[in-house]
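# sequence unknown, structure follows:
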């Protein structure tokens, strides 16, 4: 670390990354999601009452007792027979029915409103951030590791090994990872698919597929450079060449693919939940699934609070990683300008 | 070129066989037990008979061998509903293919145009906004995108989506069933659909050829608008010549929303790649030379700089095509998810065989659906590779791999 040239590479990388405004914006977005993920358990433990704010079992509504009458004079305490029968099919004049109304959005209690069941949307969206980080990061790390291993072995040993690995990568590229995950999620193994398992499986498929194809051609161009020959002449073995000469050049590209892969995993995870195959797990796709499939309850008919928040969260979360990926690309392959 | 083609097709065949093997073993690993277990779990003796009939009592490698030999012979087996899978696929395939070819073309053209414009612009704020827009379009959650599009069209300026939904019911007459839920699939539309696909591609080729001839004759370029007009007009003429103009318009109206959704999901990546390639060549000497010759800025942008950006965009497309296809299947299905806010519509396409068959536990059909999706993306990849090789001689001679510049 005392080598001044190495430090300057880091400084160079940092300045290139921070020159890309959008990459910095992506980093800020990730930071916001991270804060959200951390703050949810804290809020649950301190400010938020469990009965009201629990992302799955919570519920908030106001109940008003209304007297059933023939002609309504005071709509706050009375209700006519026709409308009363929406709450109680056998309501007669003189009975008392209970009207349940969900809280309004944009209040201090419920900044993002509640969903069709009266659950606080902000709490749900924040609670879903942590599993999304688990899915996204485990997918990304697995993608990078598997991709680098497959690409390095293929590019270094060439010939038969390479041909076999390339064919496997091509076949895996054709196998769409999100569809595979849906099939997994619908099958009898669905109970074993935790966010971590989901991310790792997704990472193996996309890492040995798309990432390996790009990383392999990158590794080939690196291996064709003169310094590899120089190392070989100097007596370096294959371990030495791969670890000390090939990998350092491959890592930025792997990091790029890792970050771009996060959005794929997040969308796949959301889609599996959106289909309702994993409705016991909370993530942004589940929120959308419930918002679309439960009967509407607010006045506009469409639960925009739940839909909009979850959709914005899922899109911005994957966009954030993609934007940071663009910044990493500037490090891996600097622009001419 | 011929050697390249032969090599490319041979390796695609190996990929396809390997893919079929993967699908077979995955299907067996993901669904323990066998298919008979799902619909006659209690009936011991009868189940044994059926297992023997279906060959499920044999070891896995023997089953695999049987699966592969029938796959090579073009046999996909029979779905649990009793209908041959190939027949179902041939009815549904053209729907997906039409959206796929159309949307991919639109996405590529629009993405390339947008990337060209943004890459050449010096306005940093505009650049940032468009790049962010392209990224969010690419990472948008497909079901929400389709929902917004449907709501927008229904509640907004047009009743197009609604009209399209109703027309599905018109074409629905005479469908067949998958699983418990009676999902009717429109039959008898294959001819017109294939004709539309062929027309879109054929007229496109003719329009490009006209542009080439025009350039040869007059030494000037045909404006892109004219090429587009030839393409649109040519297709309209082709459909009316077939006497199917109204039906073709109906089908286009029905497909417009999924087409838009897929195009939105796919254009962003292309725009980003083109944009960064354009940015990279701005300082090159040949651009300076073109400017010194007194060429117009538009000419330099579209014909000198953008040409360089075409190859990386194609390379990127090779890798992302399977994902676009997956996105298409997801979008198709999102339009068919029964919600509180619209008619329960079963959008015709491969998503039906995948997800509905999955719900109905019709596993032979799911495997067949996966195989067909794989075949589409392998064929699409060959087409793009050939295009790539035509444009870039280095690939033709095997000097570089096609994904070299995909970064």
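Good, I have the coordinates. From a predicted model like this one, the values you see are computed outputs, not experimental measurements. Numbers count the residues shown, from 1 in each chain, chains lettered A, B, ... in the order given.
# in the stretch 201-337 of chain A, what spans have low per-residue confidence?
For the stretch 201-337 of chain A, the stretches with pLDDT under 70 are A:276-280, A:295-302, A:333-337.
# Please enumerate the strands of the stretch 1-150 of chain A.
A:62-69, A:78-80, A:96-101 (DSSP state E, counting those that start in this stretch).
# and residue B:215, how many residues sit next to it?
Neighbourhood size, residue B:215 [other Cβ atoms under 10 Å in any protein chain shown]: 12. Glycine gets a C-beta too; all of them are placed from N, C-alpha and C.
# Quick check: buried residues in stretch B:298-316?
Under the neighbour-count criterion of 16 or more other Cβ atoms under 10 Å in any protein chain shown, stretch B:298-316 has B:300-302, B:304-306, B:308-316 buried.
# related to what we said a few turns ago, the strands of the stretch 1-150 of chain A: which one's closest to chain B?
Closest to chain B of these is strand A:96-101 (Cβ to the nearest Cβ; 18.3 Å).
# Of the buried residues of stretch B:298-316, which belong to strands?
Of these, none are assigned to strands by DSSP state E.
# Pipe the strands of the stretch 1-150 of chain A into a markdown table and attach mean pLDDT and mean neighbour count per row.
Output for the strands of the stretch 1-150 of chain A, formatted as a markdown table (pLDDT from 0 to 100; neighbours: other Cβ atoms under 10 Å in any protein chain shown):
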| stretch | mean pLDDT | mean neighbour count |
| --- | --- | --- |
| strand A:62-69 | 78 | 14 |
| strand A:78-80 | 79 | 18 |
| strand A:96-101 | 76 | 13 |
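# Including distance to chain B, could the ones you listed go into a markdown table?
Shown next, in a markdown table, are these (distance: least, Cβ to the nearest Cβ, whole Å):
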| stretch | distance to chain B |
| --- | --- |
| strand A:62-69 | 23 |
| strand A:78-80 | 25 |
| strand A:96-101 | 18 |
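# of all those strands, which lies closest to residue B:379?
strand A:96-101 (55.7 Å; Cβ to Cβ).
# Distance from that closest one to the middle of the chain?
Chain-centre distance of strand A:96-101: 39 Å, with Cα atoms, centre = their mean, to the nearest Å.
# Direction included, what does it pair up with?
According to DSSP bridges, strand A:96-101 forms sheet pairs with strand A:62-69 (antiparallel).
# so how far is the strand it pairs with from its chain's centroid?
Worked out by Cα atoms, centre = their mean, strand A:62-69 lies 43 Å from the chain centre.
# same question, stretch B:320-329
6 Å.
# Is any residue of that stretch near chain A?
Yes: interface with chain A: stretch B:320-329 contributes B:322, B:323, B:325, B:326, B:329 (Cβ under 8 Å from any Cβ of the partner chain).
# My understanding was that the first one contacts residue A:173; is that so?
Yes: the pair residue B:322 and residue A:173 qualifies as a contact (Cβ atoms under 8 Å) at a distance of 5.7 Å.
# Next one: the closest residue to residue B:111 other than its chain neighbours from residue A:81, what distance?
Spatial nearest neighbour of residue B:111, excluding adjacent residues (Cβ to Cβ, 6 or more residues apart in numbering or on different chains): residue B:270 at 3.0 Å. Residue B:270 is 62 Å from residue A:81, where distance means Cβ to Cβ, to the nearest Å.
# now swap in residue A:291 and tell me
For residue A:291 relative to residue A:81 (Cβ to Cβ), the value is 32 Å.
# More neighbours: which of the two?
Set residue A:291 next to residue A:81 and count neighbours by other Cβ under 10 Å: residue A:291 wins out with 27 against 14.
# How about that one, nearest residue that isn't a chain neighbour?
Nearest residue to residue A:291 in three dimensions, chain neighbours excluded: residue A:306, at 4.1 Å (Cβ to Cβ, 6+ apart).
# List the buried residues in the helix or strand where the one you found lies.
If you go by DSSP states H and E, residue A:306 is part of helix A:304-332. Within helix A:304-332, the residues that count as buried by 16+ other Cβ under 10 Å are A:305-311, A:313-332.
# Name the residue most distant from the centre of chain B?
Ranked by distance from the centre of chain B (Cα atoms, centre = their mean), the top residue is residue B:45, with 45.4 Å.
# Neighbours of residue A:71, how many?
The burial count for residue A:71: 8, using other Cβ under 10 Å.
# any idea how far the closest residue to it other than its chain neighbours is from residue A:326?
In this structure, residue A:71 finds its nearest non-sequential neighbour in residue A:80, 7.0 Å apart by Cβ to Cβ, 6+ apart. For residue A:80, the distance to residue A:326 equals 60 Å [Cβ to Cβ].
# do residue B:306 as well
Taking Cβ to Cβ, one finds residue B:306 at 21 Å from residue A:326.
# Touching, the residue nearest to residue A:291 and residue A:293? I think so.
No: checked against Cβ under 8 Å, the pair residue A:306 and residue A:293 is beyond contact range at 11.5 Å.
# Just the element for residue 221, please.
You didn't say which chain, so I picked chain A. Using DSSP H and E, residue A:221 sits within helix A:212-223.
# um, chain B though
Taking DSSP H and E as the definition, one finds residue B:221 inside no helix or strand.
# Before I go, just wanted to say thanks for your time.
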